[in-house]
Structures are given as C-alpha cells and as structure tokens.
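A.B. asks: could you work out the structure for the sequence below:
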Amino acid sequence: MLPSADAPDTVVRATLRPAEHTLAEGRWDCYVAPRGSNKRVRLGARLVEQAALVGRRPWADQRGVGAWIPYPTVDGFLALRTWLRPAHAEIDAVEVGEGTVTVTGTVLGAAESVTGVVSEGAVVRVVSRGDSAYDFGVPVWAVGERGFRFTVPYGELLGRRSVEHDLWDLRLGTCRWGGSGVMWWNGGRPIWCLGRCSSMVSGGGRGCGRISP
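C.D. replies: Numbering: from 1, shown residues only. Prediction:
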C-alpha cells in the first residue's frame with residue numbers, strides 16, 4: 001500500500017520472495033493500490049538493477065525449477081519475467097573455437113524429471129528458424145550426474161545457411177532411428193530448450209539458446 005497523503009515523500013520498500021510466492025511462468029506487470037481506493041496504479045521504473053543476477057542459477061524446490069528477473073518495459077514500467085517448469089537445461093559455459101562451438105550445461109529439476117536424459121542416445125537438436133529441413137543433431141556427453149557437454153561444428157551450420165543471417169535454437173532430448181532416418185522424440189520426457197534463466201537480460205529474459213553464424 002502507498003503512504004497516506006499526509007506523508008507523500010515517505011520511501012516505501014516492498015519485497016517479493018520466490019520462496020513465499022508461486023508465480024506461473026510468464027510476464028507480470030507490477031501495480032500498487034493507493035490506501036482507501038479500489039483503483040490500482042502501475043509502477044514506473046527508471047532503473048532496474050540486474051547485475052546481482054549474473055551467474056545466479058535458477059532455484060529448484062518441490063514446485064520445480066524457477067527464476068525471477070525484474071526489468072523495465074519499453075514504455076517505462078516495472079515488470080517481472082518468471083520461469084517455473086518441472087525441469088530445465090541451463091547453459092553454464094560456451095567455448096568458441098576456430099571450427100566449433102562447445103557448450104556445457106546442467107539439467108536442473110526433480111530426479112524423476114531428468115533421469116536418463118543425458119545418457120546414451122541423448123542429442124542436442126540444432127533447430128533452424130528458417131526451415132525445419134535444415135535441422136540436425138549432435139551427440140551429447142554426460143558430465144557428472146547432471147551435467148552435459150556437446151560440440152556444434154561451424155561447417156554444419158554454414159552448409160545449411162538459408163539467408164545471410166541465420167538463427168538456430170538448441171534443444172536437448174533423445175532420439176531413435178526409424179526407417180527413413182532419425183526420429184526426434186522425448187521418450188516420455190520433455191525436450192528441453194537450452195537457455196539461461198538467470199543472466200542479466202535487457203527486456204525481460206531470453207528464450208532458447210541460439211547459435212548465430
């Protein structure tokens with residue numbers, strides 16, 4: 001609630017904690033309700049500090065894997081980007097080489113949601129935003145109990161370029177071989193879009209991890 005008209009210059013602090021509130025995945029606008037009124041006023045935002053979020057992992061508890069990132073909207077208001085899902089594939093490091101890019105990540109979430117995903121048959125699907133005919137897969141190697149690592153050759157990307165500036169999404173899942181070649185499936189588990197929930201992001205967050213040749 002806002003302070004009364006008798007103290008208009010009072011500084012008010014409100015703290016929202018993920019452990020105390022469960023917000024569905026999406027984008028949330030922020031409002032205040034003036035005391036004595038049934039109207040609400042949308043909060044403006046001059047500066048939203050995100051530096052403390054750099055490198056911070058999403059939290060994981062009985063509700064799933066989640067993260068909150070506050071950000072200013074393009075029209076100057078305060079908003080909150082939230083993630084909440086049963087499991088998530090978080091990118092930890094990207095190593096750019098002369099002929100390849102190597103990505104290391106961690107599968108987060110309940111044990112029953114991740115068991116067997118990073119195992120024999122696990123792949124990362126490199127998905128073209130231009131045409132699914134250009135999609136291809138690369139093998140994944142397990143690193144410890146929940147970690148994974150994979151390498152994407154630049155040659156594979158350049159050989160499939162359809163426009164001058166291509167975008168590729170990365171998805172972790174499993175596959176099997178069918179009569180006409182590889183068939184992508186989830187084996188009863190989700191196919192996860194790789195990304196980083198907890199980076200410092202302008203505009204409220206990133207979706208999938210992308211490769212841009």
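A.B. asks: can you give me the helices for this protein?
C.D. replies: Counting by DSSP state H, the chain has helices at residues 111-114, 154-158.
A.B. asks: hey, least reliable of those helices by pLDDT?
C.D. replies: Sorting the helices of the chain by mean pLDDT places helix 111-114 lowest, at a mean of 54.
A.B. asks: for G76, what are its contacts?
C.D. replies: Contact analysis of G76 by C-beta atoms under 8 Å, 6 or more residues apart in numbering lists G44, A45, R46. The C-beta positions use only the backbone N, C-alpha and C, and glycine is treated the same way.
A.B. asks: next one: it from R42, what distance?
C.D. replies: Computed as C-beta to C-beta, to the nearest Å, the G76 to R42 distance reads 10 Å.
A.B. asks: mind checking which helix or strand of this structure has the lowest mean pLDDT?
C.D. replies: Across the helices and strands of the chain, mean confidence by mean pLDDT, DSSP states H and E is lowest for strand 181-185: a mean of 37.
A.B. asks: residue ranges in the chain under the pLDDT threshold?
C.D. replies: 1-9, 110-121, 174-213 (pLDDT under 70).
A.B. asks: the closest residue to A24 other than its chain neighbours: neighbour count?
C.D. replies: Once flanking residues are discounted, A24 sits nearest to L84: 6.1 Å by C-beta to C-beta, 6 or more residues apart in numbering. Neighbours of L84 under the rule other C-beta atoms under 10 Å: 19.
A.B. asks: ok, L84 - contacts?
C.D. replies: T22, L23, A24, E25, R63, G64, V65, G66.
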